[in-house]
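Engineer: Sharing a model prediction with you, sequence too.
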Amino acid sequence: MSTTNSVANNPLSDINPADIESIDVLKDAASTSIYGSRAAGEVILVTTKKGKAGKTKVTYDSWIGITRATRLSDLLNNTQYEDIKNEAVLNSKILGGNENNAAVASALFFPSFNADGSRVNTSWKDQVYRDAVSQNHNISISGGTDKTRYFFSTNYSKQEGITKDNEFERKRVRFNIDYDVNRWLKLGGNLSYNNTFNQAQNTGSLSSSGLLLIGAASLALALPPNVVVYNNEGLYNLSSTGTTSSGNNLFTNTLWDPGALFDNSKCTSSNDHFVGNVHATITFFDGFKFDSNYGIDRLRAENITYLSPNLGSSAYATGGSSTKYFYFKNLQIAFLLTDVLVTIIIFQHWQDMMFRSSKIHPGGQIKPMLQILSLKIIRGPGEQ
């Protein structure tokens with residue numbers, strides 16, 4: 001398990017690396033004696049930066065970069081594709097004993113032409129891959145007086161994937177404050193909020209189907225180059241089943257169009273993570289100290305998958321969400337007893353969890369572009 005500023009949480013990815021002051025690891029008895037069975041392996045203690053007395057300090061750092069897919073396979077152009085495919089068709093005809101049988105085709109792959117009369121030569125890699133831009137920005141403000149110290153930071157990060165319609169976005173805010181009321185009473189608090197959003201295209205293969213069916217990266221290598229991306233109406237050049245059209249080729253194409261897949265499917269996941277705690281330290285006299293810590297850890301996750309009927313099948317939507325609340329109270333009393341420091345720690349932790357899931361297969365759809373499902377409820381016998 002891991003703790004951040006005495007709050008048990010996970011994962012560490014929610015913590016901005018720029019905010020980390022120190023990391024310590026507790027093992028064996030040192031961890032289980034404090035955190036119980038949850039620390040059966042080890043405990044990672046993460047301490048974030050705090051404000052220091054003095055002039056207010058403002059820092060800003062950022063970076064931006066571009067990622068590009070390199071060393072992709074060189075693919076056949078339109079003419080090479082047709083020649084090799086038709087050679088395979090002819091060889092199959094000869095090996096099948098049908099060399100002189102006019103009823104068996106000797107060629108199945110033929111050129112398509114653009115409106116200007118040029119031959120279609122589509123680079124499907126350009127329909128899948130892109131130059132991906134990534135950026136990261138950090139701002140922090142810290143300072144205080146001898147009695148009050150504060151630290152505030154915010155982070156924004158966005159990373160585009162090298163395949164289209166794939167991106168990751170994160171927003172983070174953190175604030176802590178410490179206040180010395182007097183020589184025997186100290187108060188403090190920590191707040192952090194982390195939001196992530198991940199969007200990806202439907203890249204796997206369908207169950208009981210071929211590996212190349214809908215995987216975007218595989219489609220860039222497998223689709224025929226002599227087929228156009230868009231038809232004369234400017235729409236995706238799809239067959240009646242939602243797969244890529246075969247053009248003038250005399251075969252049934254079972255592969256999906258990656259652009260249509262990107263635009264007509266939705267796979268997203270998002271997380272909201274809030275952690276807050278307040279603490280107080282009372283020093284009754286030298287050698288006798290009382291620490292109290294109370295906090296809450298809230299994590300909400302949501303996943304949504306959607307497929308439009310524009311791809312040739314009925315629309316469907318699946319989704320799920322979970323919300324977890326983790327509450328805790330910590331009480332620590334430390335005192336010196338004949339030159340021996342005795343520490344008594346009392347923990348009270350409890351949590352609430354809620355899960356929801358849905359799966360919808362409607363009979364129709366009002367507006368595919370709006371992703372509004374039209375549902376019909378069929379009641380069973382005797383149901384009102």
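Structural biologist: Structure received.
Engineer: right, and the secondary structure at residue 75 would be what?
Structural biologist: coil (DSSP: H, G, I helix; E, B strand; the rest coil).
Engineer: if I look at it, how far off is residue 267?
Structural biologist: Counting by CB to CB, to the nearest Å, the gap from residue 75 to residue 267 is 27 Å. Every residue, glycine included, has its C-beta placed from N, CA and C.
Engineer: Looking at these two, which has the bigger crowd around it?
Structural biologist: The residue with more neighbours, out of residue 75 and residue 267, is residue 267; 19 against 15, by other CB atoms under 10 Å.
Engineer: unless I'm mixing things up, that one is touching residue 200, no?
Structural biologist: Yes: counting by CB atoms under 8 Å, residue 267 touches residue 200, with 5.0 Å between them.
Engineer: Figure out how far whichever strand or helix holds residue 133 is from the centre of its chain.
Structural biologist: Residue 133 is part of strand 132-144 when elements are defined by DSSP states H and E. Strand 132-144 has its average C-alpha position 21 Å from the chain's average C-alpha position, going by CA atoms, centre = their mean, to the nearest Å.
Engineer: What residues are bridge-paired with the residue at minimal distance from the centre of the chain?
Structural biologist: Computing the C-alpha centroid of the chain and ranking residues by CA atoms, centre = their mean puts residue 198 first, at 3.2 Å. Beta-bridge partners recorded for residue 198 (DSSP bridges): residue 168, residue 269.
Engineer: my read: it touches residue 301, true?
Structural biologist: No: shown here, residue 198 and residue 301 do not form a contact pair, counting by CB under 8 Å, at 10.8 Å.
Engineer: overlap in contacts of those two?
Structural biologist: Between them, residue 198 and residue 301 share these contacting residues under CB atoms under 8 Å, 6 or more residues apart in numbering: 269, 270.
Engineer: How about residue 294, nearest residue that isn't a chain neighbour?
Structural biologist: Once flanking residues are discounted, residue 294 sits nearest to residue 329: 5.2 Å by CB to CB, 6 or more residues apart in numbering.
Engineer: neighbours around the one you found, how many?
Structural biologist: There are 13 residues near residue 329, going by other CB under 10 Å.
Engineer: Check which helix or strand it maps to.
Structural biologist: Counting by DSSP H and E, residue 329 is found in strand 316-337.
Engineer: tell me which residues in that strand are buried?
Structural biologist: Residues of strand 316-337 classed as buried: 317, 326, 328, 330, 332 (neighbour count, 16 or more other CB atoms under 10 Å).
Engineer: now swap in stretch 106-118 and tell me
Structural biologist: Going by 16+ other CB under 10 Å, stretch 106-118 has these buried residues: 108, 109, 112.
Engineer: Many thanks, we can stop here.
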